[in-house]
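Novice: one predicted model, sequence on top.
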Amino acid sequence: QVQLVESGGGLVQAGGSLRLSCAASGRTFSTYGWFRQAPGKEREFVAATSWIDGTTSYTDSVRGRFTISRDNAKNTVYLQMNSLKPEDTAVYYCAVRILKQFTTRQNDYDYWGQGTQVTVSS
């Protein structure tokens, strides 16, 4: 049974940092991604990493501020978020993909976590 357990969300002031964690169980996956949904907006891609070759991708608005990384032994992926801005406020979701092709399209991901709230105050 696949489970994705996210943690690390919270309230932080603009300019601060948070680290999100996503612990996967049941099996390993080819791609681990982070997505977010702000109030009144569609869910969007944030970052992804390939378990196979380490490829990473970021959406333009977070590149240089966020870093996705993984701990293979723990089957856990992290999202280090620095220099947070109020517009980063959203529910952040971890998602995983079984097939090998690296993708950032959310419809291509097979399992999703429950989401963790990140709120950045100005």
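Specialist: Yes, it's here.

Novice: for stretch 51-59, buried residues please.
Specialist: Residues 51, 57-59 are the ones in stretch 51-59 that count as buried (16 or more other CB atoms under 10 Å). C-beta: built from backbone N, CA, C; applies to glycine.

Novice: identify the residues contacting it?
Specialist: Residues from elsewhere that reach stretch 51-59, judged by CB atoms under 8 Å, 6 or more residues apart in numbering: 28-32, 44-50, 66, 68, 70, 72, 100, 102, 104.

Novice: one more time with 10 Å
Specialist: For stretch 51-59, contacts defined as CB atoms under 10 Å, 6 or more residues apart in numbering pick out 24, 28-36, 44-50, 63-70, 72, 75, 77, 96-97, 100-104.

Novice: now that stretch, how far from the chain's geometric center?
Specialist: 12 Å (CA atoms, centre = their mean, to the nearest Å).

Novice: just the strands in the chain please.
Specialist: Per DSSP state E, the chain carries strands over the ranges 3-7, 10-13, 18-25, 31-37, 44-50, 56-58, 66-71, 76-81, 90-97, 111-112, 116-121.

Novice: a markdown table for these, including mean pLDDT?
Specialist: Shown next, in a markdown table, are these (pLDDT from 0 to 100):
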| stretch | mean pLDDT |
| --- | --- |
| strand 3-7 | 95 |
| strand 10-13 | 98 |
| strand 18-25 | 96 |
| strand 31-37 | 97 |
| strand 44-50 | 97 |
| strand 56-58 | 98 |
| strand 66-71 | 96 |
| strand 76-81 | 98 |
| strand 90-97 | 98 |
| strand 111-112 | 97 |
| strand 116-121 | 98 |
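
Novice: what residues are up against the spatially most central residue of the chain?
Specialist: The chain has W34 as the residue nearest its centroid, 2.2 Å off, counting by CA atoms, centre = their mean. By CB under 10 Å, 6+ apart, the residues touching W34 are 6, 20, 22, 45-49, 58-59, 62, 66, 68, 77-79, 81, 92-95, 113.

Novice: over to S61?
Specialist: With contacts defined as CB under 10 Å, 6+ apart, S61 is in contact with 44, 46, 85, 87-88.
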